[in-house]
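Asker: kindly generate the corresponding structure for this input.
(one chain, ligands or ions: 1)
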Amino acid sequence: MNILVATSEVVPFSKTGGLADVCGTLPRELARLGHQVAVVAPAYRQSIECGQSNKSLHVDLDITIGQKQVRGGILRSQLPESDVPVYLIEQDDYYDRPQLYRDGNDDYKDNCERFIFFCRSVLELVRLLELDVDVLHCNDWQTGLIPAYLKTEYADTPGFDSMASVMTIHNMAYQGQFWHWDMLLTGLDWKYFNWNQMEFFGKLNLLKTGLVFSDAINTVSPRYALEIQSAPMGCGLEGVLAHRSNLVRGILNGADYSVWDPAIDSHIALNYTSDNWYAGKQACKQDLGQATGLPVSPEIPLVGVVGRLVEQKGVDLIGEVLKKRLTDSHVQWVILGRGDQKYQDMFLRLAAAYPEKLSVRLEFSDLLAHQIEAAADLFLMPSKYEPCGLNQIYSLKYGTVPLVRETGGLADTIVDTNEKTLAAGTANGFSFQSYQVEKLDQALERALQTYARKEDWSRVVLTGMKQDWSWTRSAKEYVWLYQESSARVQQTVHSESLT
Ligand code: ADP
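Answerer: Numbering: from 1, shown residues only. Presented below is the predicted three-dimensional model:
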C-alpha cells in the first residue's frame, strides 16, 4: 500500500513525547513489510538542527489562510537507516522557533494558524509531487483538519476521492481547541461549525474534526480505546467516539529496539543482556551516580522517573510518596523531566533537602533518559491516564521493573507481581488501581520487599527483558486497519460512480 504519515513530531527531527517515537518507527516497520511509506512533518528549528541532512525540492507552497496567502517550501530528508522519505514543510515564521508548541508556559497564540497551514500543505504536497497515496495516516489534533479537507475541498479531485484517512489519537486530552473565529482561517464553510462536526461548546475543536471526518479511528492501546469511549477519559469527546464505535480500534505502540536495547545502547556505561543484567546494571548505576552526584550502591534500590512533569503522569502522587519515603527509607530516586512550574519547584525543593537520596534534572536529555533506564532498578509511572506509554516498555527491556497504575497501555503491558503471576512466569512489574498516594505507596512497598528477595526479583526482571514489544506485530495491525479503511473508501467511490 501507499501510506503517507502526517505528524507534528517525528524522531529524530522533532520530539516532545511518544508521538515522535511512534512516527519515527512505525513507517520504517511498514516499509520493511513491503509498503511504500513517507512521512510529512513541519520543518521546525529542531528539525533543521537535528543533524539529519535535507535538501530543498524547490517547490513553492502557496497556501490560503483566511484572507491571506502564505508561502512555504518543502525539504526532503529521510528516516535514518531506511529509505523512508521525510518531507518537511518549511515556513520560518511559523516553525523557526525555540520550541514546538509553546513559549515558556504559554502556547503560541497562533497555533491554530500554524497547523491549518500544515494540514493544507500536506494535501498540496500530495498534489504538487503527484504522490500516489492510498491512506493518509493523521496523528493527533495538529493533523485533524486533513480528513476534513479531504472530504470537502478535495472530495471531487481525482486521486483524492479514493484516499482514505486514518486518525490516530495519541492523547485524548490534547484536542487543539481554539476560539470560533479561527474557523475563518480554516477556509471551511461555517455550516461545518456545528456540534456534530467541528464545534465543541462554542469552540473550534481540531481533534473532534479529525474524528468526525476520518474513515477510521484508532488509539494507541486496546485498554485506552475502551476507556475513551466514556467519561471522564473521553474528555468530552466520548459521544463522538460512541457514535463511531464500530470504527474505533486500539493498537499498542511498539518499542524501537534499534535505539532502546541495553545490548547495543551506545549511551550507557556497559552493554548488557538477560545473561549479565546484574553486572550491567551495577556499572550503569555507578556511572549515573557520577553524573548525578547520588552515592549509589548495589544494596540501595534506585527508582527512576522520566517523563513530562504534568498532572497526567501522576506527578502529585510521586511528590507525596517522595515526601514520606525520603525521610524514612533507604531508597534513592532520580527524576528527569520538564513540565509544570509547580512540580518542578516541588522536586527541586525536595532534592535540595535530600541531595543524597534524590537527584532532579529539569531538562530534555535523551542521553540521561537512556542512562536512567539502564541504571534504575524500578521505573515509576503512576499515571492518572496513559494512552500507551513507552517508558514502561523500554524499562522492561532494560530490566528496570515498572511500577505503574493500571490504566490504558500500562494495564495492557504490565502484569502485577503476586504469588500466582510469579509462579506462572508472567509477572513483569507492579501495578495498583486506584489513584491514591497510599495505593502507590503500598505497591512500592511490595516492590521493595520483592527487591530484597533476590531470586524473585531476578525472575521479574528476566520476564520483562525477554518479552518482545517491538513494532513487528503492531505494524501488521496498522496494515489491516489501512486495508480495511481503504477498501471501505474504494467501495463508496465505486458505488457512487454507479449511481
Ligand atoms: P508521552 O508521549 O505522554 O509524553 P510516552 O511514555 O508515550 O509519554 O513517551 C515519552 C517519550 O519521551 C519517551 O521516549 C521518553 O523517554 C521521552 N521523554 C520524556 N521526557 C523526557 C526528558 N525530559 N528527557 C528525555 N526524554 C524524555
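Asker: can you tell me the helix or strand for the residue nearest to Leu150 when sequence neighbours are not counted?
Answerer: Excluding the flanking residues, the one nearest Leu150 by CB to CB, 6 or more residues apart in numbering is Ser165, at 5.5 Å. In short, each C-beta sits where N, CA and C put it, glycine included. Using DSSP states H and E, Ser165 sits in strand 164-169.
Asker: re the thing from before, show me the contacts for the residue nearest to Leu150.
Answerer: Going by CB atoms under 8 Å, 6 or more residues apart in numbering, Ser165 touches 135-138, 146-147, 150, 213-216, 485.
Asker: quick check: buried residues in the strand or helix carrying Phe117?
Answerer: Element membership of Phe117, judged by DSSP H and E, is helix 111-128. Within helix 111-128, the residues scored as buried using 16 or more other CB atoms under 10 Å are 111-126.
Asker: quick check: longest helix of the chain.
Answerer: helix 471-498 (DSSP state H).
Asker: for that helix, name the packing helices and strands.
Answerer: Counting contacts by 3 or more CB pairs under 8 Å, 6 or more residues apart in numbering; DSSP states H and E, helix 471-498 is packed against helix 18-32, strand 135-139, strand 164-169, strand 216-219.
Asker: picking that back up, quick check: angle from the strand holding Ser165 to helix 471-498?
Answerer: Note on geometry: by axes from the mean of the first three to the mean of the last three CA atoms, to 10 degrees, strand 164-169 and helix 471-498 are set 140 degrees apart in direction.
Asker: C-terminal to strand 164-169, what's the next element?
Answerer: strand 177-178.
Asker: residues in contact with whichever helix or strand comes after that next one?
Answerer: Beyond strand 177-178 on the C-terminal side, the first helix or strand identified by DSSP H and E is helix 183-186. Outside helix 183-186, the residues that touch it by CB under 8 Å, 6+ apart are 65-66, 112-113, 116, 145, 148, 190, 193, 198, 204.
Asker: swap in stretch 309-327?
Answerer: 171, 173, 305, 307, 331, 333, 335, 337-340, 343-344, 346-347, 350, 353-354, 357-358, 362, 380-386, 405, 435-437, 440-441, 444.
Asker: and it, does that touch the ligand?
Answerer: No - Stretch 309-327 lies apart from the ligand when judged by CB under 6 Å from any ligand atom; the minimum separation is 6.8 Å.
Asker: using PDB, list the CA coordinates for stretch 241-249.
Answerer: What follows is stretch 241-249, C-alpha atoms only, in PDB (Å, rounded to 0.1, in the frame of the first residue of the first chain):
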ATOM      1  CA  LEU A 241     -16.400   8.100  19.600                       C
ATOM      2  CA  ALA A 242     -19.500   6.200  20.800                       C
ATOM      3  CA  HIS A 243     -21.200   7.400  17.600                       C
ATOM      4  CA  ARG A 244     -18.500   5.800  15.500                       C
ATOM      5  CA  SER A 245     -17.500   3.000  17.900                       C
ATOM      6  CA  ASN A 246     -17.600   0.400  15.100                       C
ATOM      7  CA  LEU A 247     -14.600   2.200  13.600                       C
ATOM      8  CA  VAL A 248     -12.600   2.600  16.800                       C
ATOM      9  CA  ARG A 249      -9.500   0.300  17.300                       C
END
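Asker: which of the contacts of helix 183-186 fall in helices?
Answerer: Checking these against DSSP H, those in helices are 112-113, 116, 145, 148.
Asker: out of those residues, which are close to the ligand?
Answerer: Among the ones in helices among the contacts of helix 183-186, no residue sits close to the ligand (CB under 6 Å from any ligand atom).
Asker: got JSON lines for these, with pLDDT too?
Answerer: As requested, the ones in helices among the contacts of helix 183-186 are exported to JSON lines (pLDDT from 0 to 100):
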{"residue": "Cys112", "pLDDT": "98"}
{"residue": "Glu113", "pLDDT": "98"}
{"residue": "Ile116", "pLDDT": "98"}
{"residue": "Leu145", "pLDDT": "98"}
{"residue": "Ala148", "pLDDT": "98"}
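Asker: contact partners for Gln467?
Answerer: By CB under 8 Å, 6+ apart, the neighbours of Gln467 are 396, 428.
Asker: what do you get for the one 4 residues further on?
Answerer: Counting by CB under 8 Å, 6+ apart, Trp471 touches 25-26, 29, 253-256.
Asker: what does Val259 give?
Answerer: Asp265.
Asker: surely Thr273 meets Ile264?
Answerer: No - at 9.7 Å, Thr273 and Ile264 do not qualify as touching, with contact defined as CB atoms under 8 Å.
Asker: thanks again, I'm all set now.
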